[in-house]
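Chemist: For reference, the sequence and a predicted model appear below.
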Amino acid sequence: MSTSESTYTPTLTIIGGGPGGYEAALVAAKLGAQVTVVERKGMGGAAVLTDVVPSKTLIATADSMRRVQRAAQLGVDLGDVEPRARMSEVDHRILQIAGEQSRDIEADLERRGVRIVRGRGRVVGPHQVQVTPEGAEEPSETLTCDAILVSVGASPRELPTAKPDGERIFNWTQLYALEDIPEHMIVVGSGVTGAEFASAYDLLGAQVSLVSSREHVLPGEDQDAAQLLEHVFASNGVNVVSKSRAEAVERTADGVRVTLSGEGAAQTPTLEGSHCLLAVGGVPNTEDLGLEEVGVRLTDSGHVAVDGVSRTSVPSIYAAGDCTGELALASVAAMQGRIAVAHLMGDAVKPLRKHLVASNIFTSPEIATVGVTQAQVDAGECQADVVKLEFATNPRAKMQGISEGFVKVFARKGSGTVLGGVVVAPRASELIWSLALAVTHKLHVDDLADTFTVYPSMSGSLAEAARRLHVRL
Ligand SMILES: Cc1cc2nc3c(=O)[nH]c(=O)nc-3n(C[C@H](O)[C@H](O)[C@H](O)COP(=O)(O)OP(=O)(O)OC[C@H]3O[C@@H](n4cnc5c(N)ncnc54)[C@H](O)[C@@H]3O)c2cc1C
Ligand SMILES: NC(=O)c1ccc[n+]([C@@H]2O[C@H](COP(=O)([O-])OP(=O)(O)OC[C@H]3O[C@@H](n4cnc5c(N)ncnc54)[C@H](O)[C@@H]3O)[C@@H](O)[C@H]2O)c1
């Protein structure tokens with residue numbers, strides 16, 4: 001540990017090289033810390049290697065299928081050509097992009113002087129991390145440091161009666177070895193992961209069934225958006241089996257059988273398909289990490305308990321990302337990592353502001369949100385006026401053949417300060433930024449309304465919604 005004030009160079013050991021870990025490493029190195037990242041798989045973490053990057057790359061192919069299909073409506077004659085994704089090429093591209101992204105991150109870290117140690121890290125003291133190389137029985141080294149950042153992420157939750165085998169029954173990390181489009185993919189779980197994959201495989205040409213434990217898909221998201229997505233699913237022939245839980249998934253001679261329970265099971269007790277994807281949530285990778293032994297408090301769900309500046313119950317140990325049970329988003333993990341470093345280095349630090357987080361569900365159409373939610377407004381948790389505008393009347397949407405989607409803006413009652421919004425549209429992920437900017441900087445609806453938008457553009461509807469929320473003084 002460093003002792004002299006004048007030459008103080010804090011040493012930081014980070015366990016986990018995902019967005020929580022690598023972003024923290026980059027910032028800490030820039031601020032002059034000596035940083036070591038211990039990672040058992042590859043830099044970029046699950047976000048880059050198995051979760052965000054692969055799924056969004058698959059969705060990019062699915063989206064190009066959607067655009068080709070829509071081209072006919074716009075007058076393009078595709079002849080007799082039936083667009084078809086060549087799955088082995090798609091998978092190859094996915095893995096290549098993920099690998100490249102991981103190597104780019106690694107090179108960036110090394111360029112900034114961050115030491116990368118391959119292996120499994122375990123906390124053995126408030127200032128000590130032991131590293132065991134993959135496949136080895138004994139630790140290879142013990143790192144001593146001023147502070148530790150735990151950013152070990154999460155892994156797919158497994159059901160005891162539905163073991164993924166990577167051939168017919170998958171978790172989301174195993175999907176990228178498929179040689180062909182599945183004939184009938186049964187997706188279990190209608191959270192964000194399940195909805196995104198159901199949407200992608202539908203566009204790629206698979207028959208899709210989606211097992212939803214609740215009445216509607218995407219519980220917890222904006223219900224107007226969720227219902228619109230359900231409507232799109234129904235129009236495309238996706239079979240949403242609601243109020244049903246998968247009790248078991250087993251292999252049959254040429255596919256899978258999913259046994260259901262719950263209200264929906266009265267009508268559909270079993271589903272037969274060619275493949276099954278389990279998207280039933282994740283569990284934090286905190287088991288056997290040594291945390292409780294050194295006094296770090298875990299929650300009942302096994303997440304690391306942290307405060308707004310990523311501190312755990314042990315002063316020298318910070319935590320960031322999915323292992324903390326905060327919003328499970330790459331952007332939030334990265335922000336928590338940066339905040340931890342700022343706090344450690346005595347830099348200016350603002351606690352994590354969850355109400356400012358912008359996020360996007362990469363279904364077709366995409367669903368992007370920021371700030372307060374309709375549920376909060378309906379529950380009276382905040383006093384807001386709401387305007388919802390359908391994109392159906394937007395000229396750019398008409399030109400592009402977009403008939404479904406909307407923008408919703410929430411503004412504080414009486415004052416007109418922008419509090420939040422929802423955009424449902426292709427590329428909603430890009431449109432939400434103007435609302436995120438408004439929410440973060442407490443802009444007024446008039447600030448949005450008075451800003452020029454391009455004519456014709458989808459963002460014209462955002463400005464129009466703001467205009468309708470004008471507060472007359
Ligand atoms: C299918 C899917 C799609 C998603 N899409 C999006 C999206 O589009 N946008 C978005 O913002 N979020 C998305 N997410 C969420 C996002 O993936 C996570 O929020 C993000 O990965 C969290 O980053 P992290 O650094 O906490 O953990 P991770 O990315 O999981 O990284 C943790 C790393 O720690 C390593 N590790 C674990 N234990 C040890 C140990 N003992 N020693 C050494 N290393 C260890 C792991 O190998 C891993 O590399 C998606 C999630 C899923 C499942
Ligand atoms: N685009 C993105 O930003 C993105 C994409 C994917 C995931 N994520 C993040 O990852 C986190 C986890 O999302 P998720 O969708 O993987 O998990 P989740 O926990 O949000 O959803 C899992 C769903 O599966 C259901 N379920 C559990 N057991 C079941 C069973 N036996 N049968 C049927 N349904 C069952 C649950 O009720 C739940 O609705 C989220 O917080 C999300 O923000 C983000």
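Modeler: Done, it's in. Ligands and ions are numbered 1, 2, ... in the order given.
Chemist: Enumerate the residues of the stretch 301-450 of the chain near ligand 2.
Modeler: 328-329, 359-362 (Cβ under 6 Å from any ligand atom). Backbone N, C-alpha and C define where each C-beta goes, glycine included.
Chemist: any idea which of the residues you listed is the one closest to residue 130?
Modeler: Taking Cβ to Cβ as the measure, residue 130 sits nearest to residue 328 out of those, at 27.4 Å.
Chemist: How many residues are close by the spatially closest residue to the closest one that is not a sequence neighbour?
Modeler: Closest residue in space to residue 328, ignoring its immediate chain neighbours: residue 322 at 4.9 Å, by Cβ to Cβ, 6 or more residues apart in numbering. Neighbourhood size, residue 322 [other Cβ atoms under 10 Å]: 31.
Chemist: Could you measure from residue 322 over to ligand 1?
Modeler: Using Cβ to the nearest ligand atom, to the nearest Å, one gets 4 Å for the distance from residue 322 to ligand 1.
Chemist: does that residue sit in a helix, a strand or a coil?
Modeler: With DSSP: H, G, I helix; E, B strand; the rest coil as the basis, residue 322 sits in helix.
Chemist: quick one: it and residue 283 touch, right?
Modeler: No. Contact criterion Cβ atoms under 8 Å: residue 322 and residue 283 do not qualify, at 9.7 Å.
Chemist: list residues touching both of those two?
Modeler: Taking Cβ atoms under 8 Å, 6 or more residues apart in numbering as the criterion, residue 322 and residue 283 both touch residue 154.
Chemist: coming back round to it: from residue 18, how far off is the residue nearest to residue 328?
Modeler: Per Cβ to Cβ, to the nearest Å, residue 322 is found 8 Å from residue 18.
Chemist: shared neighbours of the two, which are they?
Modeler: Overlap of the contact sets of residue 322 and residue 18 (by Cβ under 8 Å, 6+ apart) consists of 153, 333.
Chemist: Which residues does stretch 452-459 contact?
Modeler: Where contact means Cβ under 8 Å, 6+ apart, the residues beyond stretch 452-459 that reach it are 391, 394-397, 399, 425, 427, 431, 434, 460, 462-463.
Chemist: Low-confidence ranges, the stretch 351-473 of the chain, go.
Modeler: Judged by pLDDT under 70, the stretch 351-473 of the chain has no weakly predicted residues.
Chemist: Show me where it has its helices.
Modeler: Taking DSSP state H, counting those that start in this stretch as the criterion, the stretch 351-473 of the chain contains helices spanning 374-378, 395-399, 428-440, 445-449, 459-468.
Chemist: Please give the number of neighbouring residues around residue 354.
Modeler: With other Cβ under 10 Å as criterion, residue 354 counts 11.
Chemist: residues contacting it?
Modeler: Counted by Cβ under 8 Å, 6+ apart, residue 354 has contacts 326-327, 332.
Chemist: swap in residue 32?
Modeler: Residue 32 neighbours (Cβ under 8 Å, 6+ apart): 9, 345.
Chemist: same deal with residue 226?
Modeler: For residue 226, the contact set (Cβ under 8 Å, 6+ apart) comprises 216-219, 367.
Chemist: distance of whichever residue of the stretch 301-450 of the chain sits closest to ligand 1 from residue 465?
Modeler: Closest contact between the stretch 301-450 of the chain and ligand 1, by Cβ to the nearest ligand atom, is at residue 321 (2.0 Å). From residue 321 across to residue 465, the span is 34 Å (Cβ to Cβ).
Chemist: More neighbours: the two, which one.
Modeler: Set residue 321 next to residue 465 and count neighbours by other Cβ under 10 Å: residue 321 wins out with 36 against 25.
Chemist: and that one, what pLDDT?
Modeler: For residue 321, the model assigns a pLDDT of 98.
Chemist: correct me, but it touches residue 23?
Modeler: No. Counting by Cβ under 8 Å, residue 23 is not a contact partner of residue 321; they are 9.5 Å apart.
Chemist: any shared contact partners between the two?
Modeler: 333, 337.
Chemist: all strands in the stretch 151-300 of the chain, in order from the N-terminus.
Modeler: Remark: strands assigned in the stretch 151-300 of the chain by DSSP state E, counting those that start in this stretch are 154-156, 169-171, 184-188, 207-211, 239-241, 245-251, 256-261, 270-273, 275-278, 282-284.
Chemist: for those, which one sits closest to residue 470?
Modeler: Nearest to residue 470 among those is strand 239-241 (39.1 Å), distances taken as Cβ to Cβ.
Chemist: Not counting its own residues, what contacts stretch 303-316?
Modeler: Residues contacting stretch 303-316 (Cβ under 8 Å, 6+ apart): 126-127, 146-150, 284, 286, 291, 294-299, 318-320, 323-326, 336-337, 339-340, 342-343, 349, 351-352.
Chemist: Could I get the full set of helices for the stretch 1-150 of the chain?
Modeler: Counting by DSSP H, counting those that start in this stretch, the helices of the stretch 1-150 of the chain are 19-30, 45-49, 52-71, 87-111.
Chemist: want to throw these into JSON lines with mean pLDDT, mean neighbour count and distance to residue 260?
Modeler: As requested, those are exported to JSON lines (pLDDT from 0 to 100; neighbours: other Cβ atoms under 10 Å; distance: least, Cβ to Cβ, whole Å):
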{"stretch": "helix 19-30", "mean pLDDT": "97", "mean neighbour count": "26", "distance to residue 260": "35"}
{"stretch": "helix 45-49", "mean pLDDT": "98", "mean neighbour count": "26", "distance to residue 260": "29"}
{"stretch": "helix 52-71", "mean pLDDT": "95", "mean neighbour count": "18", "distance to residue 260": "25"}
{"stretch": "helix 87-111", "mean pLDDT": "98", "mean neighbour count": "16", "distance to residue 260": "28"}
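Chemist: Tabulate those (a markdown table), appending distance to residue 255.
Modeler: Shown next, in a markdown table, are the helices of the stretch 1-150 of the chain (distance: least, Cβ to Cβ, whole Å):
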| stretch | distance to residue 255 |
| --- | --- |
| helix 19-30 | 36 |
| helix 45-49 | 28 |
| helix 52-71 | 21 |
| helix 87-111 | 17 |
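Chemist: Out of these, which is closest to residue 200?
Modeler: The closest of those to residue 200 is helix 52-71. By Cβ to Cβ, the value is 4.1 Å.
Chemist: Could you report the pLDDT at the residue of the stretch 51-200 of the chain found nearest ligand 2?
Modeler: Going by Cβ to the nearest ligand atom, ligand 2 is nearest to residue 191 of the stretch 51-200 of the chain, at 2.3 Å. Reported pLDDT at residue 191 in the predicted model: 97.
Chemist: excluding its backbone neighbours, what's nearest the residue most central in space within the chain?
Modeler: In the chain, the centroid-proximal residue (Cα atoms, centre = their mean) is residue 329; its distance is 4.5 Å. Leaving aside its sequence neighbours, residue 329 sits nearest to residue 359 (Cβ to Cβ, 6+ apart; 5.7 Å).
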